[in-house]
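> The following comprises the amino acid sequence and a computationally predicted model.
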Amino acid sequence: MASSSTKPIFTPPFTTTSSSSSSQPSTRSSLLSFLHSTTPTPISLNLSHSRISFLNSPSSAVRSLSIKNATETIEAAETSRVSRVGGQDANSQETKPTILVSEKLGEAGLELLRSFGDVDCSYDLSQEDLCKKIASCDALIVRSGTKVTRQVFEAAKGKLKVVGRAGVGIDNVDLQAATEYGCLVVNAPTANTVAAAEHGIALLAAMARNVAQADASMKSGSHPTPFSFLFPRQWQRNKYVGVSLVGKTLAVMGFGKVGSEVARRAKGLGMQVIAHDPYAPADRARAIGVELVSFDQAISTADFISLHMPLTPSTKKVFNDDTFAKVKTGVRIINVARGGVIDEDALVRALDSGKVAQAALDVFTEEPPPKDSKLVQHERVTVTPHLGASTKEAQEGVAIEIAEAVVGALQGELAATAVNAPMVPAAVLSELAPYVVLAEKLGRLAVQLVAGGSGIKSAKVVYRSARDPDDLDTRLLRAMITKGIIEPISDSFINLVNADFTAKQKGLRISEERVVVDSSPEFPIHTIQVQLSNVDSKFGSGVSEGGDISIEGRVKYGKPHLTRVGSFSVDVSLEGNLILCRQVDQPGMIGQVGNILGEQNVNVSFMSVGRTVKRRKAIMAIGVDEEPNQETLKKIGEVPAVEEFVFLKL
Ligand SMILES: NC(=O)C1=CN([C@@H]2O[C@H](COP(=O)(O)OP(=O)(O)OC[C@H]3O[C@@H](n4cnc5c(N)ncnc54)[C@H](O)[C@@H]3O)[C@@H](O)[C@H]2O)C=CC1
Ligand SMILES: O=C(O)C(=O)COP(=O)(O)O
């Protein structure tokens, strides 16, 4: 039998005394507030405590318990979770979240963060110091200079809920590790687009006209010191003759937000713009008069190549000796994307050979680059110290964008800019809210029907809906069913970020089926059915004719209801806890069991009887507010007509 707990199964989120918690929720946060519990450390289990927290992780690490011996493990897991929750969060009701800001962030963003949590601005931390600090932080905000490695997530011991990247590129964050640790990563993808594009254009024009070199030359010849005779005046008009942009071909590599803004501006300068981006829609390019071409076509026809793709395993060193061999001799390269997309040694060779005439670089494989970097010192290379996003406007924008995302995430919202979790549009979220609660409860109930000694390897979820299956976004529901199945039998903390990963790690395959039924299309889902196959059940009546543990539920009047157990139809609201009894279908059963519960002051909230054939077998589903003690449960089992029963926690 499933053991009981008097502590919540979800970690309480933060309740702060800050203005943000008392201020009017935004439309978005009010839509999403159901996603996290606002109830601090409750003692009993009820529906309000079963709200979903996507991010708050009580778990200290990703664990690798396999799903074996479901019932044996269940007790230990519950106990362990209770102690962790109790231990870690005992004080969290009044504790503001700690937000570590490890690089300079705009003041407006900091203000917003301070209104919500304790903000620790500690810049230039060594990796070791970051690892020390992170163990007490709920959120970390970085720019490109902080490496958020696996060690950082390990050191966080499950406390870190969100990493906010105040900018676009997330190559400095180990996303795989973040996901494994259930830590959400959000970025600020839009506020610095124009700044980066403008910097790209600035570098393009400066390089073409040797602005930086000519400036350095003039300055080197104007030293108003007693030794100025050592520095002859420099006025090298012939040396710094440049090239014109008008009519030249620019290849934009990566036609995303920055790339398309660069393209737009370059067209304004009279350039022919082509672009390469395997994922960009051609009509978006066409709309601004840009032709999408293959990689080879782009690099071999361009006079200028501007890089705007992210650094990923597939773009790493995509500009290498082979690539430079294919470019037009005398090509000029601008990189405001990431240093790592260029093999820097190969670029030096291409510059030395004259294949590449010039380069203008804002970003480097190692930042800052080594002092003796040949690239930085190269006469025909213009460099800036990663300034693409560094305008006042962009930094204020980015700071606000990331602060809002991080605060939202800490409040349990699903961030629109989540990088390692499915983004679910607010409208979908609002509609699915009650089904999310139902999904988790069904997963939780199904797993409690598994008998000890069984290993759960596969679960099937069947969604019945009047709507077109393509219109049904079930990622959220699948994640919550996974959470419901796994959490009671292991000490893993599951949230939307790590649900799929954890299921895979535990060898649990979740398959989904969408069935169109004749019901009202007004509701997204008619019923959700969870089936666990190849497992023994401790409640035989929970097994369907097909041999699977099978339970089904639906949302009625906004509340989750259990509507089928095995082959028996029932109708019980999923609140509190549940007793399922199979008995001989005969008069007086409800009264007998009700009396036993009543004697122990256990309040019955719902009761439903389902049977297959009159006067043969019936199932009684009884919703109870309190948890009956062992003696009460024993008495129920001793009622002669009761053939089997199970107590289930929701
Ligand atoms: N220097 C700086 O301060 C800044 C640098 N950046 C860098 O610029 C990059 C792009 O930023 P956004 O345009 O905002 O991102 P984005 O995501 O809007 O655009 C990236 C584009 O690259 C494309 N892409 C992916 N793989 C590609 C490949 N193999 N070849 C060609 N295209 C490929 C994608 O399809 C996407 O359209 C960021 O990832 C970041 O690394 C961004 C902002 C400031
Ligand atoms: O947004 C990006 O990807 C950038 O490269 C900007 O980096 P930064 O925030 O200035 O360190």
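Yes, it's here. Ligands and ions are numbered 1, 2, ... in the order given.

> Those residues of this protein touching ligand 1, which are they?
Counting by C-beta under 6 Å from any ligand atom, the chain comes close to ligand 1 at 167-169, 189, 192-193, 196, 253-259, 276-280, 308-311, 314-315, 336-338, 362-363, 386, 388-389. For the C-beta atoms, the positions are set from N, CA and C on the backbone; glycine is no exception.

> Strands - which of these land there?
Using DSSP state E, the members of those that fall within strands are Met253, His276.

> Now intersect the residues of the chain next to ligand 1 with the helices, please.
Those of those mapping onto helices are Thr193, Ala196, Lys257, Val258, Gly259, per DSSP state H.

> how about CSV for those, with neighbour count added?
Formatted as CSV, those follow (neighbours: other C-beta atoms under 10 Å):
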residue, neighbour count
Thr193, 21
Ala196, 27
Lys257, 17
Val258, 28
Gly259, 28
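
> coming back round to it: out of the residues of the chain next to ligand 1, which end up buried?
Burial by neighbour count, judged by 16 or more other C-beta atoms under 10 Å, picks out 167-169, 189, 192-193, 196, 253-259, 276-277, 280, 308-311, 315, 336-338, 362-363, 386, 388-389 from the residues of the chain next to ligand 1.

> measure Val383 to ligand 2 for me?
15 Å (C-beta to the nearest ligand atom, to the nearest Å).

> try Gln358
Using C-beta to the nearest ligand atom, Gln358 is found at 22 Å from ligand 2.

> and that residue, what does it touch?
Met207, Ala208, Arg332, Ile333, Leu351, Arg380, Val381, Thr382 (C-beta atoms under 8 Å, 6 or more residues apart in numbering).

> In a markdown table, list those residues along with secondary structure, neighbour count and pLDDT.
Converted to a markdown table, the contacts of Gln358 look like this (DSSP: H, G, I helix; E, B strand; the rest coil; neighbours: other C-beta atoms under 10 Å; pLDDT from 0 to 100):
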| residue | secondary structure | neighbour count | pLDDT |
| --- | --- | --- | --- |
| Met207 | helix | 25 | 98 |
| Ala208 | helix | 22 | 98 |
| Arg332 | strand | 26 | 98 |
| Ile333 | strand | 28 | 98 |
| Leu351 | helix | 21 | 98 |
| Arg380 | coil | 16 | 98 |
| Val381 | strand | 22 | 98 |
| Thr382 | strand | 22 | 98 |
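
> Quick one: mean pLDDT for stretch 545-552?
Stretch 545-552 shows a mean pLDDT of 94.

> contacting residues around that stretch?
442, 445-446, 449-450, 460, 527-533, 535, 537, 542-544, 562-567.

> Just the buried residues of those.
Among those, those classed as buried by 16+ other C-beta under 10 Å are 442, 445-446, 449-450, 460, 527-533, 535, 537, 542-544, 562-567.

> mind listing which of those residues are in strands?
Members of these lying in strands (criterion: DSSP E): Lys460, Thr527, Ile528, Gln529, Val530, Gln531, Leu532, Ser533, Leu562, Thr563, Arg564, Val565.

> which one of these is nearest ligand 2?
Ile528 (40.2 Å; C-beta to the nearest ligand atom).

> in terms of contact, does that closest one touch Gly443 like I think?
No: when contacts are counted by C-beta atoms under 8 Å, Ile528 is not listed as touching Gly443 (9.7 Å).

> shared neighbours of those two, anything?
Common contact partners of Ile528 and Gly443 (C-beta under 8 Å, 6+ apart): Ile481.

> what does the protein put close to ligand 2?
Counting by C-beta under 6 Å from any ligand atom, the residues of the chain that sit close to ligand 2 are Arg143, Ser144, Gly145, Ala166, Gly167, Val168, Gly169, Asn192, His386, Gly388, Ala389, Ser390.

> Now distance to Gly270 and pLDDT too, for those residues, in a markdown table please.
Below are the residues of the chain next to ligand 2 laid out as a markdown table (distance: C-beta to C-beta, whole Å; pLDDT from 0 to 100):
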| residue | distance to Gly270 | pLDDT |
| --- | --- | --- |
| Arg143 | 35 | 98 |
| Ser144 | 33 | 97 |
| Gly145 | 37 | 97 |
| Ala166 | 35 | 98 |
| Gly167 | 31 | 97 |
| Val168 | 28 | 96 |
| Gly169 | 30 | 96 |
| Asn192 | 26 | 97 |
| His386 | 29 | 98 |
| Gly388 | 24 | 98 |
| Ala389 | 27 | 98 |
| Ser390 | 28 | 98 |
